[in-house]
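K.L.:
model the structure of this input:
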Amino acid sequence: MSFYFKKLTFTGVAVEPSVIEFKPGVNIVYAPSDTGKSYILNYIDYIFGSENIDTDTSTGYDTVTAEVIYNEKPVYFKRIIGQNKINVNTSIEGINNGDLGLREAGDIFLYMIGIKDSHKIISNSNFAKQQLTWRTIQHFFLIDEGRIIQRPSILLPTQNTAQTPALSALLFLFTGLDFSETEEKESAKIRTAKKEALKNYISEKLRILKKNHNPYFDNNTNDTPDIVLAKIDATVAEIANVENLLASAIAKDKQLNDIIQNLNKKIAQNEVLQDRYRALESQYNADIGRLSFIVDGQLAADRMTQIHQCPFCDNPLLLQPKTDYAEAASSELKKIKKNLEGLSEAQSSLKTERIALKKKLNNYASQRANTKQDINAVFVPKIKQLKKELNFYRQSIEIEQKIRHYNETLEVLRNDLAQISHENEDNLQFKVKEHFTAEIIQNINQILTKLLQSSKFRDFKGARFDTGSFDITIDGKPKSAFGKGYRAYFNTILALTIREYLGTFASYTPAFLSIDSPILSLQEKDDEPVDSSLRTNLFKTIVENPEHGQVIIIENEIPDGVDYSSANVIHFTKDEQNGRYGLYKGVRS
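P.N.:
Next up is the predicted model:
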C-alpha cells in the first residue's frame, strides 16, 4: 500500500502548460544547469506541504498540479504558489476533497502509506509528545542537492530539537510503535536487573555466534577474494571447454553408432541372402539327383531285350512305341548344373562382402569403444572434478562473506554490550536511539554492505551504521571525514539502505525516494576525486533495484555503461534544436 507520482503539471497565466511524467519505478531527470531540473524536487516538497518554495515565478508559471496514483486511482493535488492551502480532488473514499490546509493535505500522504489514524510521537527526552505529520518524515526520502553533500546524517534534521521527533517518527515507521501510552518509569533496581539480564543475553549471543562461526574460519581458503574470483572465472572457462569436448565426443559416438547399425543391417541382409542361396543350392542338388535317376533308368531300359511273343501262348505281342526321356532329362540336367555354378560364384561373392563388412564393423566398434572411453573415463570425471573445485571456490566466497558479516555482527553486539555496561542507571530519560534494536541495526548493516558491494565501492573491509551519529562508518572512518563527492555517494547509499529496510522490514513504507545530484559531477577545490566507475556502478544499483517503490533522481549528467531500458529517463537538452529544452515550455535560461 503506497503511492507514486504520475505527473507534475505547471500552469499559469498566458503560458502553455508544461508537463513532466513519471513511472512507478526508477525515474532519472538529467540536464545541464539552468534548465529547471532542480525545481522538480522543490515542487514535490511544495506539494508535500512546505510553506515556501524556491522557484522563479517571473516565468509566468505559478501553479503546480501533481497527479498521484494510489490503489490504481488518481489523487490530484493542486497548489498556487504563495498560498498555504492545497486543493485535493479524488474519487477515493476516505480522502477529503476541496481546499485543505497544509497539514491536512499531508495527512493524505500518511493515509496512502497505511497510517490512517492519528498518532503522537515522543518529541523530547522528557516524554513530551507531538503530532506525527508528513513533514516529520519526508526528509528521509526527499533529499535536495544541498543535503546530499552534508556532513551530518541525512536522517537527522539540522535543529537539535527536531532530532528526537524525527527519529521517533522513523522508529514508528520501522516498528509501528508511537509510545502513545508511555509506561511508568521503572525503579533503578528493576532497570539494573533488566540491564544485567540484557547483558547476559548479549553475552550468550556472542558465545553462540563465535561457536557457530568457528567452522567458517577453519574451512576458509587463504586466498584473497580477488584471487578466488579469478579462479572461479578460470574454472568456469575450463568447464565450458571440457563440456564442448564432451559434446563433440557424444556427437561422434552417435555418428559411429549410426554407422555400426547400418553395417549390422547390411551383414544381416547378407546372411539372409546367403541362407536363400543355400536353400536354392539344396534344391538344385535334389533336381540333379532326380534327373540323373531318370537318365540312368532310360539307359537301363534301352539295354533290356525286346520280347515280341507271349511266353505262354506264343502269340505275337502288341508293342507300344518307346518314349525317350533321357534326352530331355540330360538337357535339363546341364541347365541346372550351369545355374549351380553361377550360384556358387554368387555365394563366394557374398562371403567376400560379409568378411569386408565385418572388418569395417570391427574397426568402427573399436573407434566407438575409444570414444566411450574418452567420455566415461576422461571428460565426465574431469567435468565432475572441475565442478567440485568451482563449488569449493564459491563456498570460499560465501564463507568470506559470512566471516565479514560475523565480524560486523560481533562489532554491533560488542557495541551494544559496551553501551549497556556504561549506562547511567539513574538516567530514566527517553533516549530514542536506544529503541533501535540490535536486530534493526543488523538488518540495516546487511543492506548497507550489500549496496556498497553492489555499487563496487573500492576494497572496503567493513561498513556499519553507527547508532551514535546515525550515519555510515566505512573501515572505521566516518562519512563526515570524506570529501563532498564521496559524501554525496554515501548519503545516497544510506538513503537507499533506509528505503530498502522500510520496504522489507518496516510496518509502514513511503515507497518513494527522490534525490538531487547523488554523485557530484564536478570536483571542487581540495575535494577528493570521485572514481568514475563508482558513479556508473551506483547508477546501476539504483536502476537495477526498483522493487521498493518509486525513485526520482535529478542529475547534471548520467554515466555511460548502464542499461537504462527499465528506467524512465527524461533529458532536458538546453538545446533549441534537440529534444526538450527545459522544465518549462518557452522558458529559456
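
K.L.:
when you work out contacts or count neighbours from here on, use the C-alpha atoms and nothing else.
P.N.:
Noted.

K.L.:
point out where the stretch 251-400 of the chain drops to low pLDDT.
P.N.:
301-302, 304-308, 319-325 (pLDDT under 70).

K.L.:
all helices of it, in order?
P.N.:
326-374, 380-421 (DSSP state H, counting those that start in this stretch).

K.L.:
looking at those, which is nearest to residue 250?
P.N.:
Nearest to residue 250 among these is helix 326-374; the distance by CA to CA comes to 8.0 Å.

K.L.:
can you give me the angle the closest one makes with helix 380-421?
P.N.:
If you take axes from the mean of the first three to the mean of the last three CA atoms, to 10 degrees, helix 326-374 sits at 30 degrees to helix 380-421.

K.L.:
would you mind writing the CA trace of the one helix or strand residue 554 maps to as PDB?
P.N.:
For residue 554, the host element (DSSP states H and E) is strand 550-555. What follows is the C-alpha trace of strand 550-555 in PDB, where atoms were taken according to Å, rounded to 0.1, in the frame of the first residue of the first chain:
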ATOM      1  CA  GLN A 550       9.300   5.000  -6.900                       C
ATOM      2  CA  VAL A 551      12.700   6.700  -7.300                       C
ATOM      3  CA  ILE A 552      13.300  10.100  -8.800                       C
ATOM      4  CA  ILE A 553      16.900  11.100  -9.500                       C
ATOM      5  CA  ILE A 554      18.000  14.500 -10.600                       C
ATOM      6  CA  GLU A 555      21.500  14.900 -12.100                       C
END
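
K.L.:
what lies in contact with it?
P.N.:
4-5, 23-31, 37-38, 511-518 (CA atoms under 8 Å, 6 or more residues apart in numbering).

K.L.:
what strands line up against that strand, and which way round?
P.N.:
Taking DSSP bridges as the criterion, strand 550-555 forms sheet pairs with strand 26-30 (parallel), strand 512-516 (parallel).

K.L.:
nearest to residue 585, out of these?
P.N.:
When the strands paired with strand 550-555 are compared (using CA to CA), the closest one is strand 26-30, at 16.1 Å.

K.L.:
so what does the very next helix or strand once past the closest one touch, helix or strand wise?
P.N.:
Under the assignment DSSP H and E, the closest C-terminal helix or strand after strand 26-30 is helix 39-47. Under the contact definition 3 or more CA pairs under 8 Å, 6 or more residues apart in numbering; DSSP states H and E, helix 39-47 sits against strand 73-80, strand 512-516.

K.L.:
put together TSV for those strands, with mean pLDDT and distance to residue 268 on each row.
P.N.:
TSV is the format used below for those (pLDDT from 0 to 100; distance: least, CA to CA, whole Å):
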stretch	mean pLDDT	distance to residue 268
strand 73-80	97	78
strand 512-516	96	78
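
K.L.:
those strands: which one's closest to residue 587?
P.N.:
Each of the helices and strands packed on helix 39-47 was checked against residue 587 via CA to CA, and the shortest separation belongs to strand 73-80, namely 19.2 Å.

K.L.:
just the angle between the closest one and helix 39-47, please?
P.N.:
With the same axes, to 10 degrees defining the directions, strand 73-80 sits at 90 degrees from helix 39-47.

K.L.:
list the buried residues for strand 73-80?
P.N.:
Neighbour counts using 16 or more other CA atoms under 10 Å place 74-80 of strand 73-80 among the buried residues.

K.L.:
packing partners for that strand?
P.N.:
For strand 73-80, the elements it packs on are helix 39-47, strand 61-70, strand 85-90, judged by 3+ CA pairs under 8 Å, 6+ apart.
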